[in-house]
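Enquirer: make a model of this:
(4 chains)
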Number of protein chains: 4
Amino acid sequence: MIKVGIVGGTGYTGVELLRLLATHPQARITAVTSRKEAGMKVAEMFPSLRGHIDIAFSTPEQARLADCDVVFFATPNGIAMHEARALLAAGTRVIDLAADFRIRDVAEWEKWYGMQHASPELLEDAVYGLPELNRERIRGARLLANPGCYPTAVQLGLLPLLEAGVIDIGHIIADCKSGVSGAGRKAEIGSLFAEAGDNFKAYAVAGHRHLPEISQGLAHMAGMPVGLTFVPHLTPLIRGIHATLYTRLKRDIDLQALFEHRYAHEAFVDVLPAGSHPETRSVRGANTCRIAVHRPQGGDTVVVLSVIDNLVKGAAGQAVQNMNLMFDLEEKSGLNQVPLLP
Amino acid sequence: MIKVGIVGGTGYTGVELLRLLATHPQARITAVTSRKEAGMKVAEMFPSLRGHIDIAFSTPEQARLADCDVVFFATPNGIAMHEARALLAAGTRVIDLAADFRIRDVAEWEKWYGMQHASPELLEDAVYGLPELNRERIRGARLLANPGCYPTAVQLGLLPLLEAGVIDIGHIIADCKSGVSGAGRKAEIGSLFAEAGDNFKAYAVAGHRHLPEISQGLAHMAGMPVGLTFVPHLTPLIRGIHATLYTRLKRDIDLQALFEHRYAHEAFVDVLPAGSHPETRSVRGANTCRIAVHRPQGGDTVVVLSVIDNLVKGAAGQAVQNMNLMFDLEEKSGLNQVPLLP
Amino acid sequence: MIKVGIVGGTGYTGVELLRLLATHPQARITAVTSRKEAGMKVAEMFPSLRGHIDIAFSTPEQARLADCDVVFFATPNGIAMHEARALLAAGTRVIDLAADFRIRDVAEWEKWYGMQHASPELLEDAVYGLPELNRERIRGARLLANPGCYPTAVQLGLLPLLEAGVIDIGHIIADCKSGVSGAGRKAEIGSLFAEAGDNFKAYAVAGHRHLPEISQGLAHMAGMPVGLTFVPHLTPLIRGIHATLYTRLKRDIDLQALFEHRYAHEAFVDVLPAGSHPETRSVRGANTCRIAVHRPQGGDTVVVLSVIDNLVKGAAGQAVQNMNLMFDLEEKSGLNQVPLLP
Amino acid sequence: MIKVGIVGGTGYTGVELLRLLATHPQARITAVTSRKEAGMKVAEMFPSLRGHIDIAFSTPEQARLADCDVVFFATPNGIAMHEARALLAAGTRVIDLAADFRIRDVAEWEKWYGMQHASPELLEDAVYGLPELNRERIRGARLLANPGCYPTAVQLGLLPLLEAGVIDIGHIIADCKSGVSGAGRKAEIGSLFAEAGDNFKAYAVAGHRHLPEISQGLAHMAGMPVGLTFVPHLTPLIRGIHATLYTRLKRDIDLQALFEHRYAHEAFVDVLPAGSHPETRSVRGANTCRIAVHRPQGGDTVVVLSVIDNLVKGAAGQAVQNMNLMFDLEEKSGLNQVPLLP
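Expert: Numbering: from 1, shown residues only, chains lettered A, B, ... in the order given. As a prediction, the model looks like this:
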């Protein structure tokens, strides 16, 4: 059994990790830290875990995280970068669900995240955890940067097109819609039920932190920089991201075949039949990305629809998938949940 | 035109007052205070008011509230009790939408609200603003205690039964359900969309602050103390309260006629035809309480269903209704909104 | 492996059975019937099942249900009563998720369900499938009547009190709130998003079909008829039932201990610590009933809060639990889902 | 007072017309037809109208619509085209909220709407009712085609750019999100609360009926055909449309000034300050379109955000605005509702 520690178990990605790991056949949660809630049973804060998770929150000191095989950071940005080095030195692997190790360019990271990076020297060894893109590197990773939610949905939607080199990479548009849990379990006016309910809006059109992460990933796939317009929206869902991607074809190609072939062996990417419209609820609670590709009126504009559960394939589920790879387990281990519909 | 000041215009009852007063033909808003937002246009915080409200938030000092004819306190509990005395002395009338002046028994108030009352001497002159119960006293009021949302729905539902003396007053049950705006525009985890959405729960079963207010009102109607069990629930509505009231008949009576007769001349209480089930959305945005009365299987248990919009008849609308009475205006003035359905 | 047939796989209880059985270690779905959709892949209608359920809907004739070990009827009321006899004769066990075999009194059933019962002779052998009440009879059942959703939440909430004989059984009140999936996957105006969303209402106050089912169960527990007022409400949840139960204590007793002791060995009933308020989302997707018991202000009124997921413990999950008992499997087999929160 | 008839008062656009006209100072509703509900009080079906609308539904025969000054068709597509001719001949003006008279090209209309047009000869005189585009023609209209909801949001968002000739018209993208009331008050599985709630999806990517309407309008503004990709999405709102529009600038221009100048004198189009993100709830219940224009990272991609209430500016409100113009009333008459927030 893999001994797992979780730093920051009181947010949505934390409780989702707990949900998934509670029934993982090869992992055992040995510590969940929260300085503020130390001593309280985890299941007291999250009664959904009663009968599944018996341990209490502990302080980082009590937790002895260096004894774990792997530590997940389900923390705000800027925490893992301070603690990863010591854990790695002790031989513990680190999976950061925040953004500390996602951007290779330190200056770019510091610009978008508004703080100085505490461990720039670790960035070189950090592996970006999108298995469908770089599974082999993940297998050997000791420090894993788990992708953001929007970046996962967008990159998986564009990967086949970029690898095949069939689209105009100068003007890609990613119109993305996220449920409110994407804002985290933070007491903020804008995330209140009476604010976000029965309401729809775009936000951060001038620039969102996931823009450089997506751009970096797309450039990697294309082999050169891409032009990207990324507009996130808040929609009254609890969970779910829907990315609607627009790009222009440079030459004729069977798009359906391209996507089906690219993802034929991917357990967690499901290319829907031609003409489909994936629903966010069709992946609710599951580590799946469902994709459909369209070419309206037979024109040169490609429309890709890509949905994930932001807390699973967009966060905790992908982190478990990465853990499975890092520890040479069956990639699907513990991730066989059937989506909850309705 | 009545000159109106609003203290605390950044919460839900505040913005609702602004919505209603913006089109009130005999009132003019001259000041909206918020120490924190002073200088910002009100419509910048609430774009729904663009084109309707042009003034900016001001500090209490700038606001010169004593020049107003009436000041509404749309503030947390414990604010109005500090400021009412000076305003009253200046001849300005005061309508408190919070709880400072609702409970006549100071000790009881202090027990439930956990603070010392700053102006107990004002309680005697304060008038409880439920027009259907004591319209005449409201007309002469200088300090008005606007009822709470649950208390309005419950009291209007029980008033005909208690006045008629036809029920067992020892064991009344009020099972109430409120939308999330009832918790206010406060950054709290429990009111987040991802917490309160797709979720239903009871809260404060051991004792809620509206219990003594309701009990006081019911006792007033019955002429003696009543036994009340009050259980509030949080339901994923933005607006709306549904009170389901259970009591036992002491003698046979035509319940439908009783209710229709009692409210025949009330503009804001609508008794539905026998067999009806009022929906919260049927009063969304309007100052109306809709009521239906049932006697399931012809037994001795009476079931009253009473719905209001917690922000209108349960707060800002009733406050405007009270203002109309206090200033000898048409009681319905400015309150002719048709509910928004769907 | 148990061979399972499902009649009526296109409604919400049907798709929920499919979700649960898809990962059940000892069951294999061999047929899902739908005359209308015969030939269509089940996962084409419910993309959430892609990768989990590979079979197509079949006609009843193609399905050869008599070859199954057990057939679940996830059909409207009045279907199973026509088909159960032949299946039972063939040695196939039957679990009816509808109401055909729930009420022992045929005349009562026919009054509430508005049709003639097609197989009254089967009622005697039919077993009411509330395991916490009559587990041993379920083990031997060949025809199982799976309880309704409201009846499950209410009966589990009152069982300890009635068995202990500590309450006044003349005037029990069950104020129940259900999510909209409880109305089924039927095209009806009242269940539309724009009708049921942001709206709360009571319905069927004059009499709901679950009333005789609950009354029958409570009478069984009490050993004599009980007086029950049952008021169902529709609340804007997708899943979930919250029952708020009011009854009067006849004598002093440690309620918390009573409930904890009664359910100490029940895997699917969770008595929360004193003072708790169970949330419907804490059981979302799981076969769990969570209960809290209160005695507000120390009076003689007991308030029990009981929550279930109407599609799981209130329907498909309880049906699987019953199947497990009927086939001598581990009672929890296939029912280890962690609730989905948020 | 203008005598108003409404054909089809049982759908969402019908009840919204009733809500708006109930308080219109210069209009009186004299007939609301519904063959199915004839005889039933309108307020019995829609209790929100109790106290505001007293008449009952009537059959078309009883209604004597030709005696009205204006008749609104709040009907499905394909009804008004059969009845308009006789009304027009009688001197009654007609406002069709459906699509019968929106498309000038009969063949195009018949292709998208799948039926033969019953009155192609009326198309020439029909006026497309987007006041911001062709107010003068509306003033003289006898047969008015009220625009669709998506077309209103999209056309108002692009109008300044197209009139100014500053964008590449070959590849415009309209990514639109609609609340569920846009699907009408029809009993359909896909619009159920348990289907559309907590769910997000695109639909009709291959081609939606509003595509030719939008294309026709944009071509009119540009003076030549435009290339448009239109992707509608269903989002769990009751009301509201959010259009996110992407286009490429051909030359540098002050976008904020362009929009502000174009709409400076429009009562119902509100250009937000630079950097804003309009919310759908900021127009809930009001006849307002709010627009913000962005140029992310200073590139050549323009992003326009445009929100309306699909039932008001997207349907009934715009119809009343058109009626006001046609009868030479104050354009804002009866349309002064303050949006309902929260």
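
Enquirer: okay, now whichever residue of the stretch 201-342 of chain A sits closest to chain B: neighbour count?
Expert: Closest approach of the stretch 201-342 of chain A to chain B (CB to the nearest CB) occurs at A:I238, with a separation of 5.1 Å. In this view, the C-beta of every residue, glycine as well, is placed from N, C-alpha and C. Per other CB atoms under 10 Å in any protein chain shown, the neighbour tally for A:I238 reads 29.

Enquirer: next up, phi/psi of it, please.
Expert: Main-chain torsions, A:I238, degrees, to the nearest 10: phi -80, psi -50.

Enquirer: residues from the stretch 51-200 of chain A in reach of chain B?
Expert: With the criterion set to CB under 8 Å from any CB of the partner chain, the stretch 51-200 of chain A comes near chain B through A:179-181, A:183, A:185-189, A:191-198.

Enquirer: also within reach of chain D: list those from these.
Expert: A:G179, A:A194, A:E195, A:G197, A:D198.

Enquirer: what residues are up against the residue of the stretch 201-342 of chain A closest to chain B?
Expert: Applying CB atoms under 8 Å, 6 or more residues apart in numbering or on different chains to A:I238 gives the contacts A:G179, A:V180, A:S181, B:F193, B:A194, B:G197, B:D198, C:P342, D:D198.

Enquirer: cool, A:Q216 as well?
Expert: Contacts of A:Q216 by CB under 8 Å, 6+ apart are A:R102, A:I103, A:R104, A:D105.

Enquirer: mind telling me what element it is part of?
Expert: For A:Q216, the host element (DSSP states H and E) is helix A:210-222.

Enquirer: re the thing from before, ok, of the ones next to chain D among the residues of the stretch 51-200 of chain A next to chain B, which one's closest to chain C?
Expert: Closest to chain C, out of all of these and judged by CB to the nearest CB, is A:D198, at 5.9 Å.

Enquirer: what's the burial count for that closest one?
Expert: 24.

Enquirer: do I have it right that it meets D:G197?
Expert: No. Contact criterion CB atoms under 8 Å: A:D198 and D:G197 do not qualify, at 11.4 Å.

Enquirer: now for the two: what residues contact both?
Expert: With contacts defined as CB under 8 Å, 6+ apart, the residues adjacent to both A:D198 and D:G197 are C:G197.

Enquirer: what ranges do the strands span in the stretch 1-150 of chain A?
Expert: For the stretch 1-150 of chain A, the strands defined by DSSP state E, counting those that start in this stretch occupy A:2-7, A:27-33, A:57-58, A:70-73, A:93-96, A:127-128, A:143-145.

Enquirer: could I get these as TSV with distance to A:Q297, mean neighbour count and mean pLDDT?
Expert: Shown next, in TSV, are the strands of the stretch 1-150 of chain A (distance: least, CB to CB, whole Å; neighbours: other CB atoms under 10 Å in any protein chain shown; pLDDT from 0 to 100):
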stretch	distance to A:Q297	mean neighbour count	mean pLDDT
strand A:2-7	49	23	98
strand A:27-33	49	22	97
strand A:57-58	55	23	96
strand A:70-73	46	27	98
strand A:93-96	44	26	98
strand A:127-128	36	22	98
strand A:143-145	40	25	98
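
Enquirer: mind listing what A:L49 touches?
Expert: By CB under 8 Å, 6+ apart, the contact set of A:L49 is A:V15, A:L18, A:R19, A:A22, A:V42, A:A43, C:V338.

Enquirer: which two of those residues have the greatest separation?
Expert: A:V42 and C:V338 (12.3 Å; CB to CB).

Enquirer: look up how far chain D lies from the closest residue to A:A63 other than its chain neighbours.
Expert: Closest residue to A:A63 apart from its sequence neighbours, by CB to CB, 6 or more residues apart in numbering or on different chains: A:A31 at 3.8 Å. Per CB to the nearest CB, to the nearest Å, A:A31 is found 33 Å from chain D.

Enquirer: enumerate the residues of the stretch 201-342 of chain A near chain B.
Expert: Contact residues, the stretch 201-342 of chain A versus chain B (CB under 8 Å from any CB): A:P236, A:I238.

Enquirer: can you count the residues close to A:F193?
Expert: Residues near A:F193, counting by other CB under 10 Å: 27.

Enquirer: tell me the contacts of A:H117?
Expert: A:M81, A:D100, A:V106, A:W109, A:E110, A:L123.

Enquirer: helices of the stretch 151-300 of chain A, residue ranges please.
Expert: Listed in chain order, the helices of the stretch 151-300 of chain A (DSSP state H, counting those that start in this stretch) span A:193-196, A:210-222, A:255-262.

Enquirer: who does the residue lying closest to A:V71 once chain neighbours are set aside form a beta bridge with?
Expert: If the residues on either side of it in the chain are set aside, A:V71 comes closest to A:G5, at 4.3 Å by CB to CB, 6+ apart. The partner list for A:G5 in beta bridges (DSSP bridges) reads A:A31, A:V71.

Enquirer: ok, now which ones touch the residue lying closest to A:A315 once chain neighbours are set aside?
Expert: The shortest distance from A:A315 to any non-neighbouring residue, by CB to CB, 6+ apart, is to A:T13 (4.5 Å). Counting by CB under 8 Å, 6+ apart, A:T13 touches A:A74, A:L97, A:L311, A:A315, A:A316, A:A319.

Enquirer: at 6 Å instead, please
Expert: Going by CB atoms under 6 Å, 6 or more residues apart in numbering or on different chains, A:T13 touches A:A74, A:L97, A:A315, A:A316.

Enquirer: please identify which of the residues you listed is nearest to D:A174.
Expert: A:A315 (30.7 Å).

Enquirer: and the residue lying closest to A:A316 once chain neighbours are set aside, what pLDDT?
Expert: The shortest distance from A:A316 to any non-neighbouring residue, by CB to CB, 6+ apart, is to A:E16 (3.8 Å). We have a pLDDT of 98 for A:E16.

Enquirer: tally of neighbours for A:E16?
Expert: Neighbours around A:E16, by other CB under 10 Å: 29.

Enquirer: help me confirm that A:L20 comes into contact with A:A319.
Expert: No. Using CB atoms under 6 Å, A:L20 makes no contact with A:A319, being 8.6 Å away.

Enquirer: which one of these two is surrounded by more residues?
Expert: Neighbours per residue (other CB under 10 Å) separate A:L20 from A:A319, with A:A319 holding more: 27 against 24.

Enquirer: got the contact list for A:G334?
Expert: Contacts here follow CB under 6 Å, 6+ apart; on that basis A:G334 touches A:H24, A:V320.

Enquirer: which one of the ones next to chain D among the residues of the stretch 51-200 of chain A next to chain B sits closest to chain B?
Expert: Closest to chain B, out of all of these and judged by CB to the nearest CB, is A:A194, at 4.2 Å.
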